[in-house]
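Chemist: Starting from these lines, generate the structure:
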Amino acid sequence: MTTFPVNPPLSDEIRAKMKLLPVKPDPVTLEGRFVILKPMDLARDLEPLYAVSNGQPAQLGERKIDAYDAEMLIWRYLFGGPFDNIDAFSAYLQAQINAANGLPMTVFEVATGTQIGVINYLSNFPEHLKVELGSIWYSPLAQRTKANTEATYLMLKHAFELGYRRLEWKCDSLNERSRRAALRMGFTFEGIQEYHFIIKGRNRDTAWFRILDKEWPDVKSRLEGLLYG
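Modeler: Coordinates of the predicted model:
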């Protein structure tokens, strides 16, 4: 007789978390040694974020950058940008704030107290205890610092402490910088989903990465070593 295997039922504790976690993640402030993450507030964040992402000369502390190609350094693989004016940029960020199953976080650099980028909880599915980190970008002045690693660490730590079982990271398969970052921070590559989106009139194949709750203790130690070791 042919048998068809089935996984055992989940524990009562896991099933309770599926019902308690909200579809729109609750706002929270996450503090690290190098960055602080705060729920996005356009009255506070719009102009500073635009100033460090629109290709104009900028300065953070003693770091300076001349005019740069914002499309290439920030926006090439994202759903929006670059933005010709602050109103278009505001609309892009407001849509993230309004997302029914997401929460955009503004990343502040501790050393300067300045907004340097954005990271989001996206595609939140508490009924499956999974959520994505995405729409991540940083000013060129903050790239290749510990900002992205610590921001990711803080977001992962918070989500797993809430009871999520799966954290996802997706990017354009051509985005080698994002793919290297995911692997460096302990995500596992799961494959390429071809023809996943059409973005800015171009095909996007998407690279999928994930961390599971059972993997988190080892990943947590890895990230803490990269940041504070």
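Chemist: switch to C-alpha atoms for all contacts and neighbour counts from now on
Modeler: Fine.
Chemist: ok but Tyr77 is inside a strand, no?
Modeler: No. Assigned with DSSP: H, G, I helix; E, B strand; the rest coil, Tyr77 falls outside any strand and is coil.
Chemist: Thr206 contacts Ser173, doesn't it?
Modeler: Yes. In terms of C-alpha atoms under 8 Å, Thr206 counts as a neighbour of Ser173; the distance is 5.1 Å.
Chemist: can you list residues touching both of these two?
Modeler: Ile192 (C-alpha atoms under 8 Å, 6 or more residues apart in numbering).
Chemist: Which SSE is immediately downstream of the helix or strand where Asp205 lies?
Modeler: Take DSSP states H and E as the rule and Asp205 turns out to sit in strand 202-212. With elements assigned by DSSP H and E, the helix or strand that comes after strand 202-212 is helix 216-228.
Chemist: So which elements touch that following helix?
Modeler: Counting contacts by 3 or more C-alpha pairs under 8 Å, 6 or more residues apart in numbering; DSSP states H and E, helix 216-228 is packed against helix 147-162.
Chemist: can you give me how far the helix it packs on is from the chain middle?
Modeler: 9 Å (C-alpha atoms, centre = their mean, to the nearest Å).
Chemist: okay, the angle between it and helix 216-228?
Modeler: 150 degrees (axes from the mean of the first three to the mean of the last three C-alpha atoms, to 10 degrees).
Chemist: okay, helix 147-162 in PDB with CA atoms only?
Modeler: Only the C-alpha atoms of helix 147-162 are listed here, as PDB (Å, rounded to 0.1, in the frame of the first residue of the first chain):
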ATOM      1  CA  ALA A 147      26.000  49.900   9.100                       C
ATOM      2  CA  ASN A 148      24.400  47.200   6.900                       C
ATOM      3  CA  THR A 149      25.700  44.300   8.900                       C
ATOM      4  CA  GLU A 150      24.500  45.700  12.200                       C
ATOM      5  CA  ALA A 151      21.200  46.900  10.900                       C
ATOM      6  CA  THR A 152      20.500  43.400   9.500                       C
ATOM      7  CA  TYR A 153      21.600  41.800  12.700                       C
ATOM      8  CA  LEU A 154      19.300  44.000  14.700                       C
ATOM      9  CA  MET A 155      16.300  43.300  12.400                       C
ATOM     10  CA  LEU A 156      17.000  39.500  12.500                       C
ATOM     11  CA  LYS A 157      17.400  39.400  16.200                       C
ATOM     12  CA  HIS A 158      14.200  41.300  16.800                       C
ATOM     13  CA  ALA A 159      12.200  39.100  14.400                       C
ATOM     14  CA  PHE A 160      13.500  35.800  15.800                       C
ATOM     15  CA  GLU A 161      12.900  36.900  19.400                       C
ATOM     16  CA  LEU A 162       9.300  37.600  18.300                       C
END
